[in-house]
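**Student:** I would like the atomic coordinates for the input below:
(one chain, ligands or ions: 1)
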Amino acid sequence: MAVSNVRSRWYMQLHWRIAAAMLLGVIAGLVGGEPLADSVGWLGTLFIKLLKMIIVPLVLTSIVTGVASVGAGAGLGRLFGKTLGYYILTSFLAVMVGLLMVNTIQPGVGADLVSSETEEMPDLTVIQSPVDLILDIVPDNFFAAAADTEMLAIIFFSIVLGISISTLKQNHREPLLSFFESGFAAMMKLTGGIIHIFAPIGVFALIAKLMGTTGLGAFKALGLYALMLLCGLSLHLFITLPLVLRFLGGINPVTHFRNMVQPIVMAFSTSSSGATLPVTIETVENKVGVSNRVTSFVLPMGATVNMDGTALYECAGVLFIAQVMGVQLGFEQQLVVVFTALLASIGAAAVPSAGLVVIFIVLQAVNLTGPQVELIVGAMLAVDRPLDMFRTVVNVFSDSCGAAIIARSEGETGVDVEVRNAA
Ligand code: ASP
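**Tutor:** I've put the predicted structure just below:
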């Protein structure tokens, strides 16, 4: 009795402890500055390492279990079709929001970025074309792909392994299936344990480090440009996706938001859909109430491929650069931006700053190249971190909406029927 009373107190609930940790991190970082950032930074790194440590075994066991239970027949094709359809629909809507924002607010007109502070681009691999993307999906060697966390290759191998297990004779299928099922259960337990023990400390450290090194200035720089992006991302997060949830899934968006608090906070503090993935899977299964059959399909692939926030950013960012340079992009060129922005968001890795790196694909497509463009992108990088935090939230939230909608369409009636956010 006493235990259940303590459990029900709001301040004991994990998501409130994480939210409080975030707030404390802001205050501690602002007050303690760089010395504090240096002393707590390692705790944030440790937290991200713990999350990354689980990604490969979690994704492998989750997908194999999910796909093997669906089998290779029409069920799998239908799930695949719905998943792709959802990714394309919401990423396209996001790009449209970006297009609308940049054309109405016009933040680049008259802005002088070339003389502002710039930063070096991080060294991330960029997928250049659809053919590259296809070739990247198939690994030369599964273990090498796993060692490098090449998500698309891991997903592909796990899907085909799941299919092949489902076609085995029972005496071979059963032991393999229970091996992967038990492995998946163990990974989920591990994820839950890491979140419970480490999330508040990790979030505190990540936010304190960010605030201690860049301060609130990071949120003010680039003025109108950052504001336009934040408005666009908020519009997609609070209007477009809730409408899609309501009309495609018949789901109450408020319930979904409340169930999703933990992955939202995690995406915000890590700026990485990849590092957030274990938390997303755990939450969408245990709180939103989606089956492993659907999450294993929609979430790992979504973390890599479905990036609404990044798609919006690619489109708005490129049109912003064109405005700064005084280049008028006609209807056809804007159309090229729309489609390459979609492609670039698919190619972007689920790690911090990936969105800014792939912007060169879109810039190239409309011939915006040269030293001046590089300078502007460098200036954008200087203020990218806070924007990255918001677009990662949108990326992760869209994946969770997809999982909930597809689960409902597959007849799962327990999805988002109540708020299950207690610790
Ligand atoms: N950081 C984002 C993510 O991991 C990608 C981006 O930079 O847009 O989802």
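**Student:** Give the helix, strand or coil label for the residue nearest to G289 when sequence neighbours are not counted.
**Tutor:** Counting by CB to CB, 6 or more residues apart in numbering, G414 is the residue found nearest to G289 once chain neighbours are left out, at 4.5 Å. Backbone N, C-alpha and C define where each C-beta goes, glycine included. Assigned by DSSP: H, G, I helix; E, B strand; the rest coil, the conformation of G414 is coil.
**Student:** can you list the residues of the stretch 301-423 of the chain near the ligand?
**Tutor:** Within the stretch 301-423 of the chain, the residues that sit near the ligand (CB under 6 Å from any ligand atom) are 307, 310, 348, 350-355, 388, 391-392, 395.
**Student:** Name the member of those residues with the most neighbours.
**Tutor:** Comparing these by number of neighbours (other CB atoms under 10 Å), M307 comes first, having 35 neighbours.
**Student:** thinking it is in contact with N395, fair?
**Tutor:** Yes: contact between M307 and N395 holds when scored by CB atoms under 8 Å: they sit 4.5 Å apart.
**Student:** and for the two, which residues touch both?
**Tutor:** 273, 350 (CB atoms under 8 Å, 6 or more residues apart in numbering).
**Student:** what about E410, distance to I159?
**Tutor:** 17 Å (CB to CB, to the nearest Å).
**Student:** pLDDT of stretch 169-184, averaged?
**Tutor:** Mean pLDDT, stretch 169-184: 91.
**Student:** What residues sit buried inside that stretch?
**Tutor:** 176-177, 180-181, 183-184 (16 or more other CB atoms under 10 Å).
**Student:** Just give the nearest non-adjacent residue to the residue in the chain positioned nearest to the ligand, would you?
**Tutor:** Nearest residue of the chain to the ligand (CB to the nearest ligand atom) works out as G355 at 2.5 Å. Excluding the flanking residues, the one nearest G355 by CB to CB, 6+ apart is T310, at 4.2 Å.
**Student:** what's the burial count for the closest residue to G402 other than its chain neighbours?
**Tutor:** In space, and not counting its chain neighbours, G402 is closest to Y86: 4.4 Å by CB to CB, 6+ apart. Neighbourhood size, Y86 [other CB under 10 Å]: 24.
**Student:** Now do the same contact list for Y86.
**Tutor:** Going by CB under 8 Å, 6+ apart, the list of residues near Y86 reads 298, 306, 402, 405-406.
**Student:** Could you tell me what pLDDT the model assigned to it?
**Tutor:** Predicted confidence (pLDDT) for Y86: 96.
**Student:** Renumber starting at 390 from here on
**Tutor:** From this message on, residue numbering opens at 390, which makes the last subject Y475.
**Student:** Name the helix or strand for it, please.
**Tutor:** helix 463-494 (DSSP states H and E).
**Student:** Report the buried residues of that helix.
**Tutor:** So, applying 16+ other CB under 10 Å, buried residues of helix 463-494: 465, 468, 471-472, 475-476, 479-488, 490-491, 494.
**Student:** for stretch 438-446, same thing?
**Tutor:** Neighbour-count burial for stretch 438-446 [16+ other CB under 10 Å]: 439-441, 443-446.
**Student:** Would you mind giving these as a markdown table with distance to the ligand added?
**Tutor:** Listed next are the buried residues of stretch 438-446 as a markdown table, based on distance: CB to the nearest ligand atom, whole Å:
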| residue | distance to the ligand |
| --- | --- |
| L439 | 17 |
| L440 | 12 |
| K441 | 12 |
| I443 | 16 |
| I444 | 12 |
| V445 | 17 |
| P446 | 20 |
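**Student:** I'd like to know which of the buried residues of stretch 558-573 are part of helices.
**Tutor:** 565-566, 569-570, 572-573 (DSSP state H).
**Student:** Which pair of those residues spans the longest distance?
**Tutor:** L565 and F573 (12.6 Å; CB to CB).
**Student:** Please, where are all the strands along the stretch 490-639 of the chain?
**Tutor:** Remark: strands of the stretch 490-639 of the chain are absent; assignment by DSSP state E, counting those that start in this stretch.
**Student:** any low-confidence regions in it?
**Tutor:** Within the stretch 490-639 of the chain, the segments meeting pLDDT under 70 span 499-519, 522, 603-611.
**Student:** and which of the buried residues of stretch 558-573 is nearest V459?
**Tutor:** When the buried residues of stretch 558-573 are ranked by distance to V459 (CB to CB), L566 comes first, at 12.2 Å.
**Student:** Now do the same contact list for the closest one.
**Tutor:** Taking CB under 8 Å, 6+ apart, one finds 454, 457-458, 554 in contact with L566.
**Student:** Quick one: neighbours of P424, just the number.
**Tutor:** 9.
**Student:** So it versus A417, what's the distance?
**Tutor:** From P424 to A417 the distance is 11 Å (CB to CB).
**Student:** cool, and S451?
**Tutor:** In terms of CB to CB, S451 sits 36 Å off from A417.
**Student:** cool, and V755?
**Tutor:** As judged by CB to CB, V755 and A417 stand 44 Å apart.
**Student:** likewise N530?
**Tutor:** For N530 relative to A417 (CB to CB), the value is 45 Å.
**Student:** More neighbours: which of the two?
**Tutor:** Each of N530 and A417 has its neighbours counted (other CB under 10 Å); A417 has more, 21 against 10.
**Student:** Run through the residues that contact that one.
**Tutor:** 425, 429, 593, 597, 600-601.
**Student:** Apply 7 Å and report the result again.
**Tutor:** 425, 597 (CB atoms under 7 Å, 6 or more residues apart in numbering).
**Student:** so which strand or helix has it?
**Tutor:** For A417, the host element (DSSP H and E) is helix 403-459.
**Student:** what's the angle from that helix to helix 463-494?
**Tutor:** On the basis of axes from the mean of the first three to the mean of the last three CA atoms, to 10 degrees, helix 403-459 is oriented at 140 degrees to helix 463-494.
**Student:** quick one: F546 and F532 touch, right?
**Tutor:** No: shown here, F546 and F532 do not form a contact pair, counting by CB atoms under 7 Å, at 10.0 Å.
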